[in-house]
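> sharing a sequence plus its predicted fold:
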Amino acid sequence: MQRTLLAACAAAAIFPFAAFADDDTPAQPAKPEAVLTYQPVFFETFNALTALDMVQRVPGFSMDEGESVRGFGGAAGNVLIDGERPSSKESLGSILQRIPASQVERVEHIRGSVSGIDMRGQTEVVNVVRAEGASGGSGAWEANFRIQEGEPVVPFGEASYSGQAGRADYTVSFESDGYRAPWNGPEFLFRPDGTLIERREEEGRDTFRNYKIAGNTEIELGAWTVRANADADWRWYEYPEPGRAFGPDGEFLRLDELFIDDSSENFSFGGDVERDFGEALSFKLIGLQKLREFQSEQTSSRFDSGGFNKRTRQTIANDEGESILRGVVTWIQSPRSAFDFGVEGAYNFLESDVDLTVDEGNGFVVIPLPVTEAKVEEYRGEAFASWVWEPSDRLTIEPGLTVEVSRITQSGSVQAERDFIYPKPSLAVTWDYASDRQIRLLAEREVAQLNFFDFVTSSSLSDDQTNVGNPDLKPQRTWRLRGEWEKRFWTEGVITLLGEFGYVEEVQDLIPIGEPGKRFDAPGNLGNGDYWRARVSATAPLDRLGLTNAQLEAYAETGDSSVTDPVTGRTRIFSDRRHEEWYVEFRQDFPDRKFSYGFDYYQGGDVELYFIDEVRRFENGPGDLDVFVETTRVPGVTVRLSLENIGNVDFARRRDFFDGPRDTGQLAAYETREKQNGVTGYLTFRGTF
């Protein structure tokens, strides 16, 4: 029923676009444009102040920060700057936010493979082209104030400056972020027949702070172009949550106090050197180093009618790092043929120490758990090659092959060593069968990035859940087939239909490990599984409908997945995967009045998690509505007032507990929770200098 309602809402939002897409404009026989160019004047209506603002307003484009796949090449996102990918793993949003719109000469939307453009498996990318000498003396700033009922106003913001020092261009930036937000709501525990066992009133509060500095530079040294970047950030997070439990008749049962205190330091630096050997041949060497330290302490204390009962504490100390070196040679054989080939090497490590202790009145004693101390190391290398071939003006074909070899070792509580080799072929085809219509096809094999924290035991004290580290975990591999159909209309309108099927080898999920009676949930590999998804998205200017300078964007997605549950042996969906969602965004600008307004609405489907003796379901509530008003009446400043989470949506969760493994156990109890974090207001001032 829920899927039916969701699909109906999505259809109502999207289908009008499809109807208008078939306008009276006949398909033209002219050569289609693989690269759509947008000049800065196009973005003035949207009050764009940074390159990020511009990229977010490109019709029919959705920015991808980069997936969690192995290798720098596979996780580089879908935005280029001056035709190059940033030689860092910093978020694309942060990088683009530091480029003032005044420095951008044009924005190119590249659809399908194009000779000389580094697509790296993406079916479309955006290229932000900066003006010559654009780095000379300009900057951007933003000041935000987060407003929430019952909480102090939280200021945060950022500023960046770009300039020149001799022959070098540089950009430096500072950013602060933070919030305080309530996380309140009741929890209820029921017997299977619906009889109330207990009611809990929990009053949590998130507190987060983040400070970040970053910089990058570029210089021409003879025939070489040298780029370097570095960033550092410091983060703190606290979460106190007192919770009072009452019996079915309202009698006080106990007080539970949870406190989480996390902190981390993150550093990265990288760069690249590039040289052209004539017009047809170029070489690029990219290096990256990331380091991170993380400290965490969770404490859960229980007090009943007799006073102190017990206290459980978990401490985590992690050191992790990533080093990557990648070399790429590009050979443009002809205007219709180009080759990329190269090698990449990487070293990743995690050192983790986890302590879980309990105090029942006589001091803390250690709770013995497996795999609480570990050093995990990965040595990985890959060789890759791709060819972009344009047999005609309307057809582009890009075959590619990457072969990856790696060794993962683990020491500490357990000793393990494993070797892997994975070929990763790909084939992308783009067919412009009309000037305003395009078909994009992609077939590829993807290898997922392993999370080294899955090799080490950790506990969630708030949910009384322990996941044991698993040294035998393997990365899942996905054979993916994707097809996209795109139709351009009304000059700036676009509708895209996407279909995707994936066959997943050794799906990563939670599995039971250990002896009978001493079994734990642990990250591991199920058998093979598959999934499919279908998505329709559209951007439509509404001038023809009488709404001048108005634009509507929307998407809707549905799908399904199938894998064999390791406990029951039955078929079920993938864990932690949302199969349905839809989104609508509206904006209208009044340039003469220097005023804009708009809204966005998001609705997502449920997500389920499966454990040995529990099923956990997260529900998104009725949806998230945000609204804003914006003005540029203050000279040189854009002022924006926005309200988010209007309606104070419930974040609902249900936990079904079984009295044994789910294959043989019976439902023993179930727990429901509905938490809210309130309506949030933001007052934002933005400008350039």
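Looks like it came in fine.

> report how many residues lie close to the residue lying closest to Arg98 once chain neighbours are set aside.
Across the structure, with C-beta to C-beta, 6 or more residues apart in numbering as the measure, the residue nearest Arg98 apart from its sequence neighbours is Ser160 (4.0 Å). No exception for glycine: its C-beta is placed from N, CA and C like everyone else's. Taking other C-beta atoms under 10 Å as the neighbour definition, Ser160 ends up with a count of 23.

> what do you get for the one 10 residues further on?
Summarising burial for Tyr170: neighbours were counted as other C-beta under 10 Å, giving 16.

> separation between it and Val615?
The span separating Tyr170 from Val615 equals 53 Å under the rule C-beta to C-beta, to the nearest Å.

> what residues does stretch 243-253 touch?
If you take C-beta atoms under 8 Å, 6 or more residues apart in numbering as the criterion, stretch 243-253 is touched by 187, 195-203, 254-258, 304-305.

> one more: stretch 481-494?
Everything outside stretch 481-494 that qualifies as a contact, by C-beta under 8 Å, 6+ apart, is 17, 20-23, 25, 59-60, 111, 123, 436-443, 495-502, 538-541, 543-544, 551.

> now, of the contacts of stretch 243-253, which are buried?
Glu187, Glu198, Arg199, Arg200, Glu202, Arg254, Asp256, Leu258 (16 or more other C-beta atoms under 10 Å).

> could I get those in a markdown table, plus columns for secondary structure and pLDDT?
Formatted as a markdown table, these follow (DSSP: H, G, I helix; E, B strand; the rest coil; pLDDT from 0 to 100):
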| residue | secondary structure | pLDDT |
| --- | --- | --- |
| Glu187 | strand | 96 |
| Glu198 | strand | 96 |
| Arg199 | strand | 97 |
| Arg200 | strand | 95 |
| Glu202 | strand | 93 |
| Arg254 | strand | 96 |
| Asp256 | strand | 96 |
| Leu258 | strand | 96 |
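
> ok, of those residues, which one's closest to Val153?
Glu202 (24.9 Å; C-beta to C-beta).

> which ones are touching that closest one?
Applying C-beta under 8 Å, 6+ apart, the residues near Glu202 are Trp183, Asn184, Gly185, Pro186, Glu187, Glu241, Pro242, Gly243, Lys675.

> one more time with 6 Å, if that's ok
Contacts here follow C-beta atoms under 6 Å, 6 or more residues apart in numbering; on that basis Glu202 touches Glu241, Gly243.

> which strand residues bridge it?
Listed by DSSP bridges, the beta-bridge partners for Glu202 are Gly185, Gly243.

> relative to Arg180, how far out is it?
With distances defined as C-beta to C-beta, the gap from Glu202 to Arg180 amounts to 17 Å.

> what does Thr684 give?
From Thr684 over to Arg180 (counting by C-beta to C-beta), the distance is 18 Å.

> try Pro541
39 Å.

> what's the answer for Gly598, then?
Noted for Gly598: a distance of 27 Å to Arg180, by C-beta to C-beta.

> so Thr171 touches Tyr161, yeah?
No - here Thr171 does not reach Tyr161: they are 7.0 Å apart, not a contact under C-beta atoms under 6 Å.

> what ranges do the helices span in the protein?
2-21, 40-44, 51-56, 92-97 (DSSP state H).

> going by mean pLDDT, which of the ones you listed comes out lowest?
If you rank the helices of the chain by mean pLDDT, helix 2-21 sits at the bottom with a mean of 48.
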